[in-house]
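> With the sequence up front, the predicted model follows.
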Amino acid sequence: MALLVLLCLLGHVWNLQVSAAPVNNAFKHLQSAAKFWHISDLHLDPTYHITEDHTKVCFSSKGVPALDPGVFGDFLCDSPYQLILSAFSYMKQADLQPDQLPTSANAIYDAVAKLWSPWLNPEAVATLQKGGFYSLVIKPGLRLVSLNTNLYYSPNQVTVNMTDPAGQFQWLQETLELSRQKLEKVYVIAHVPIGYLPYAINTTAVRESYNERLVKIFRYYSDVVQGQFYGHTHRDSIMVLLDQQGKPVNSIFVTPAVTPIKSLLEPYSNNPGVRAYLYHPENYGLLDIWQFYLNLTEANLEQKSDWKLEYIMTEAFNIDDIQPHNLHELALRFEQPQSKDFDKYFNHFMVSYNFSLTCEGLCKTIQVCAVHFLDQETYSQCIAKAGI
């Protein structure tokens, strides 16, 4: 039975009529396992339409001609409605009765709180109205903590020089302390991730000062937090939070986007993706990832949304589960010269966008340092060690 559906930016699952590829018998384990789905960055572009003038296919391309627009989208455009419908339809077929729960906060907090009130208790609605964050016990002994990391996002000028925007840091510490006292485990969800971006050197997605504070909090409460789940970057990546002695204490995941959009100058994008996390039904420890994707080029050519299993994390990398110590060992393998595991990881990073693209030198250094080092001091040491 499913635990919940994590949705970043859009908050409900509709009754869909769009067809998707049938789920074969190999997926019976997925259907019976304790799991939850994570889908992020839908980025609906309601203007998307097929026209001979490729500069007018979608507003999101900002006048740049679409590359090869089809019914399911284009790599220079945000998602058409048909792509989003196909993603939800595939999840529905792969898991016939998922529980549904919206997660990410919105700037119009009152409106979102009203929209999501059927799923939230009064305390959660109150903090959602206050600052776009909330917590909720979703299973006996398991608390969901939904952070509004948009408050810490670097371009957010409203929170510049604020010590604790909306009081979320204090609330987070109090919530995690209460969970520790109650012997609860916690899943943390948010849109903008902590740590350093895996494609831009010396760059955090949230402001560096806020990142340092979040890393400190999560280290202190690593016995409580069972996993962290983010979106925003549109790419598929992992991070391993190390404590101050270098011991792996938290597994962190960034799910790839449904939207395939990239800028004209970017060398790669991502195919649309959705994923399911498998977890232990008793202690809520994370066991595995099943990542699914849509080959956008093929889907447009065939005018059919043939979603496929891209990889199963434990099988792809020969690890027992996705607990911190196993991800730590995997990350160490990434660091080796000509690492086949890293080559596979980078292809997953792009959601199988282009198998011919490689990541070496500076590209690989930025990727590897971002996996293991989430605070400024250790990240800088990693970059310096590479001679950059």
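Sure, I can see it.

> Report the contact partners of the nearest residue to L151 once chain neighbours are set aside.
Nearest residue to L151, sequence neighbours excluded (Cβ to Cβ, 6 or more residues apart in numbering): P165, at 4.2 Å. C-beta here means a position set from N, CA and C on the backbone, and glycine is covered the same way. Contact analysis of P165 by Cβ atoms under 8 Å, 6 or more residues apart in numbering lists 131, 151-152, 158-159.

> how many neighbours does Q157 have?
Residues lying near Q157 (other Cβ atoms under 10 Å) number 6.

> go on, the one 3 residues further on?
A count of neighbours around V160, defined by other Cβ under 10 Å, yields 9.

> Distance across stretch 243-257, terminal residue to terminal residue?
29 Å (Cα to Cα, to the nearest Å).

> List the buried residues in it.
Neighbour counts over stretch 243-257 (16 or more other Cβ atoms under 10 Å) mark 248-257 as buried.

> could the residues you listed go into TSV alongside pLDDT and secondary structure?
What follows is the buried residues of stretch 243-257, written out as TSV (pLDDT from 0 to 100; DSSP: H, G, I helix; E, B strand; the rest coil):
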residue	pLDDT	secondary structure
P248	98	strand
V249	98	strand
N250	98	strand
S251	98	strand
I252	98	strand
F253	98	strand
V254	98	strand
T255	97	coil
P256	97	coil
A257	97	strand
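
> Below-threshold pLDDT in this structure: ranges please.
Counting by pLDDT under 70, the chain contains low-confidence ranges at 1-28, 95-113, 115-116.

> Helices of that one, start to end?
Counting by DSSP state H, the segments of the chain that form helices are 28-32, 81-94, 109-116, 122-131, 168-181, 208-220, 296-302, 313-317, 324-334, 340-349, 362-372, 376-385.

> got the angle between the fifth one and helix 208-220?
Looking back up the chat, that one is helix 168-181. 10 degrees (axes from the mean of the first three to the mean of the last three Cα atoms, to 10 degrees).

> Any chance you could list what contacts helix 168-181?
By Cβ under 8 Å, 6+ apart, helix 168-181 touches 127, 131, 133, 135, 143, 145, 147-148, 151, 164, 185-186, 213, 217, 221, 223-225.

> check contacts around I238.
So I238 contacts 251-254, 327, 331, 371 (Cβ under 8 Å, 6+ apart).

> who does it bridge with?
Beta-bridge partners of I238, counted by DSSP bridges, are F253.

> measure the nearest residue to H234 once chain neighbours are set aside to E302 for me?
Spatial nearest neighbour of H234, excluding adjacent residues (Cβ to Cβ, 6+ apart): A257 at 3.9 Å. According to Cβ to Cβ, to the nearest Å, A257 stands 22 Å off from E302.

> E266 too?
E266 is 26 Å from E302, by Cβ to Cβ.

> quick revisit: could you measure the residue nearest to L151 against F229, distance?
In terms of Cβ to Cβ, P165 sits 21 Å off from F229.

> swap in L296?
L296 is 24 Å from F229, by Cβ to Cβ.

> Just give me the neighbour total for T159.
Using other Cβ under 10 Å, T159 has 18 other residues around it.

> Hmm, it is touching T149, no?
No. Judged on Cβ atoms under 8 Å, T159 makes no contact with T149 at a distance of 10.9 Å.

> before we move on, the earlier item: strands - which of the contacts of helix 168-181 land there?
135, 143, 145, 185-186, 225 (DSSP state E).

> Just the closest of the residues you listed to D74, please.
Taking Cβ to Cβ as the measure, D74 lies nearest V145 of those, at 36.3 Å.

> picking up where we left off before, what sits against the residue nearest to H234?
Here A257 is in contact with 40-43, 231, 234-235, 270, 272-273 (Cβ under 8 Å, 6+ apart).

> The same query, at a cut-off of 6 Å, please.
Shown in contact with A257 (Cβ atoms under 6 Å, 6 or more residues apart in numbering): 40-41, 234.

> does it have beta-bridge partners, and which?
Once the bridges are assigned, which here means DSSP bridges, A257 pairs with S40.

> gap between it and E310?
14 Å.

> got it, and G141?
Distance of G141 to E310, given as Cβ to Cβ: 32 Å.

> Which of those two has more residues huddled nearby?
Between G141 and E310, counted using other Cβ under 10 Å, E310 has the larger neighbour count: 22 against 13.

> quick one: P118 from V125, how far?
To V125, P118 is 10 Å away according to Cβ to Cβ.

> ok, those two, which is more surrounded?
Neighbours were counted for P118 and for V125 using other Cβ under 10 Å; V125 has more, 19 against 9.

> What distance do you get for the residue nearest to N326 when sequence neighbours are not counted to A33?
Sequence neighbours aside, I319 is the residue nearest to N326 in space, at 4.4 Å (criterion: Cβ to Cβ, 6+ apart). Counting by Cβ to Cβ, the separation of I319 from A33 is 17 Å.

> Same check on Y153?
According to Cβ to Cβ, Y153 and A33 sit 34 Å apart.

> Columns distance to V206 on top of the buried residues of stretch 243-257, output as a markdown table?
A markdown table is the format used below for those (distance: Cβ to Cβ, whole Å):
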| residue | distance to V206 |
| --- | --- |
| P248 | 22 |
| V249 | 20 |
| N250 | 17 |
| S251 | 19 |
| I252 | 13 |
| F253 | 17 |
| V254 | 13 |
| T255 | 17 |
| P256 | 19 |
| A257 | 18 |
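
> And the residues you listed, which two are furthest apart?
V249 and A257 (27.6 Å).

> on that earlier part again, could the contacts of P165 be laid out in CSV, adding distance to V192?
Output for those, formatted as CSV (distance: Cβ to Cβ, whole Å):
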residue, distance to V192
G131, 15
L151, 9
Y152, 7
V158, 14
T159, 12
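
> ranking those by neighbours, who comes first?
Result: Y152 is most packed of the contacts of P165 (other Cβ under 10 Å), 26 neighbours.

> just to revisit the earlier point, most neighbours of all the contacts of A257, which one?
S40 (29 neighbours).

> Is it correct that that one is in contact with G231?
Yes. If you go by Cβ atoms under 6 Å, S40 and G231 touch, sitting 3.0 Å apart.
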